[in-house]
Each structure stands twice: as structure tokens, then as C-alpha cells.
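Build me a model from this:
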Amino acid sequence: MKKPKVAAELRKWALKTFPENGYVNFYQARFLDVDANRPQEAKPFYDKALGLLPNNVKVLTEVILFYDLALQDSKFSASFVERRSRPGKAGEAPLLNLAGPGAGVLMCEAAVAAKNGGHAALSKQLWNRARDLSPLSQCVKNNWPIIYGEKSQEDNSHKLEYTPWAKVKMVIAGGVGLEVGPHHQTNARFLGGETFVVWPPANKTNW
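Numbering: from 1, shown residues only. Okay, the predicted model is just below:
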């Protein structure tokens, strides 16, 4: 709607009315981080959202990227991913156990953080999981040269492995997933424990 004053009042009202809501804190953090470019102010809201939504794959992904890119604290991202490779307090599940919409991208970004932090075995596990869950994602394509130590997007082995026919085979094998969410924001609310696949049908005899 491009009504910044209205949006500001709505955010203010939401924070006042629902201060302990994980989604309210997450979207306030996203606003401060992405739209307002005030990462230091965003940090406490990301941290609070993560505490309230410890297994939300989109919140986890954004927190890893926030510390790595906005705060330039790759050491924290690496240690965070390593810590979340095991069951933790307050029902924190290991990253590799998470599933559903967005889980593939989480594994993809976490794999880079783990690699940069020297956790090679964990990075490999996360990367393999990312390729299983979302082999055709933009994240896998973007992070490919980082994981394999190749020079650039244009000069790497991704295009040799992901040929047009290979992509067709992956779509047939994995199906086409559907994710419901807002158009202009990261989807943190409409998530579940498994991906909703619209094609192929579960009963493949109906093809």
C-alpha cells in the first residue's frame, strides 16, 4: 500500500499489544534489518523471535543470514549452526531434523555457515540435505561455488550437473511444492512439518 506512517502505527500497536508474540518480533526485526537498514536495532527482536519460535525454519534462516551478512559476524553464525546440530533447551530440535516449507534453504545457508566455521562434516550433512529437499533452489545455485571452492557463478560445476534433463528428472522425482505466504515478506507464519506437494499426486496411478 506504500503507507509508511500507517505501517509504523500498526507495528507500534502490534508490539504494544503482542510483545511476546514471535511473529510480531520477527517482522519488526525484518523491518529494521531490511527496510530501515538499522541492524543493531533489529538484533534484539531477532533474538527474541528465535527464543519464541526456536524451530521455525524461516526465522532460523533469517537469523543465520542476519548475523553473517548484516552484522558481519560469521563466527556467531558458525557456532550457532554447530550448537543447533544437537537437541537443545526449550524444545530446540537439531537443524537436520527440521522439515517443511523453507527447510531446504535453511540447510543450504546453514551449510555455508558451518563450512566457514570449520565444521566440515556438519556442512556436508547440511548441504546433502539441502540438495535432497530443494535441489533446484536459487540458494543451492548461489552457494554452490562456496561449498565446492569454485571461482564464480559462471565458472562452476553446477551447470554441468544441473542440465535441463537432470532438472526434469528432479521435478518428476521430487514433485512441485506449494508454499503459501506474503508476496513482499519472508513467510514465517504459514509453515508446517512437511512440504505440500501439488504434483505429482500421492497416488501415482492417477497420472
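
residue ranges of the helices in this structure, please?
Per DSSP state H, the chain carries helices over the ranges 4-17, 22-30, 39-52, 57-65, 74-83, 103-116, 120-133, 138-148, 158-161, 164-174.

which residues touch the fifth one?
What it means is helix 74-83. Defining contact as CB atoms under 8 Å, 6 or more residues apart in numbering, one finds that helix 74-83 is touched by 63-64, 67-68, 95, 110, 113-114, 116-119, 122, 126. Bear in mind the C-beta positions are built from the backbone N, C-alpha and C, glycine included.

So which bits of that helix are buried?
Ser74, Phe76, Ser77, Ala78, Ser79, Phe80, Val81, Glu82 (16 or more other CB atoms under 10 Å).

Check the shortest one too.
By 16+ other CB under 10 Å, the buried positions in helix 158-161 come out as His158.

ok so, going back, just the buried residues of the contacts of helix 74-83.
Counted by 16+ other CB under 10 Å, the contacts of helix 74-83 give 63-64, 67-68, 95, 110, 113-114, 116-117, 119, 122, 126 as buried.

among the helices of the chain, which is nearest Ala188?
Closest approach to Ala188 among the helices of the chain (CB to CB): helix 57-65, 4.2 Å.

Among the helices of the chain, which comes closest to Gly91?
Using CB to CB, the helices of the chain put helix 39-52 closest to Gly91, at 11.2 Å.

export the closest one as CSV, just CAs?
Once non-C-alpha atoms are left out, helix 39-52 reads as follows in CSV (Å, rounded to 0.1, in the frame of the first residue of the first chain):
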residue,chain,number,x,y,z
PRO,A,39,20.7,-3.9,12.0
GLN,A,40,21.8,-3.1,15.6
GLU,A,41,18.2,-2.2,16.4
ALA,A,42,16.9,-5.3,14.7
LYS,A,43,19.2,-7.7,16.7
PRO,A,44,17.1,-7.9,20.0
PHE,A,45,13.9,-8.5,18.0
TYR,A,46,15.6,-11.3,16.0
ASP,A,47,16.9,-12.8,19.2
LYS,A,48,13.5,-12.7,20.9
ALA,A,49,11.7,-14.1,17.9
LEU,A,50,14.2,-17.0,17.8
GLY,A,51,13.6,-17.7,21.5
LEU,A,52,9.9,-17.8,21.0
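
Contacts for that helix, please.
20-23, 25-26, 28-33, 59-60, 62-63, 66, 70-71, 90.
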